[in-house]
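*Asks:* Coordinates only, no sequence provided:
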């Protein structure tokens, strides 16, 4: 079983910065994608940024140039550096990890979500 623990949310003023962290643990054989989603009140959950196993990244147009997704040296941690924050960035941010669990002898795919961390940007 794979678990995720998120941290780093909070209250920040417009133009400020925050850095979110998400650590994966458990019976991980390989991680394919690590991503951040967000859900604002009354809106659907949307993809913010994703980083693939090879290191390539994709960003939502609304955050491109302001947010940076990266992975830690151990590859089981993903970060989201958020700069120049705007009130419309206010949302609950969720970490999402897709990969394979188990061992070389027995593996199965997994997709897990973090518990969510609230980011509030005041105007």
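*Replies:* Noted; the coordinates are in hand. Predicted model, so just to flag it, every value in this text is computed and none were measured. Numbering: from 1, shown residues only.

*Asks:* use CA for all of it now, contacts and neighbours both
*Replies:* OK.

*Asks:* May I have the beta-bridge partners of the most centrally placed residue in the chain?
*Replies:* Of all residues in the chain, the one closest to the mean position by C-alpha atoms, centre = their mean is residue 36, 2.8 Å from it. Taking DSSP bridges as the rule, residue 36 bridges to residue 49, residue 95.

*Asks:* In this structure residue 21 contacts residue 6, no?
*Replies:* Yes - if you go by C-alpha atoms under 8 Å, residue 21 and residue 6 touch, sitting 5.5 Å apart.

*Asks:* ok, the residue nearest to the centre of the chain touching residue 47?
*Replies:* Yes - counting by C-alpha under 8 Å, residue 36 does reach residue 47; the two are 6.4 Å apart.

*Asks:* For residue 29, see how far away the residue of the chain most remote from its centre is.
*Replies:* Ranked by distance from the centre of the chain (C-alpha atoms, centre = their mean), the top residue is residue 105, with 29.4 Å. Shown here: residue 105 relative to residue 29, a distance of 10 Å by C-alpha to C-alpha, to the nearest Å.
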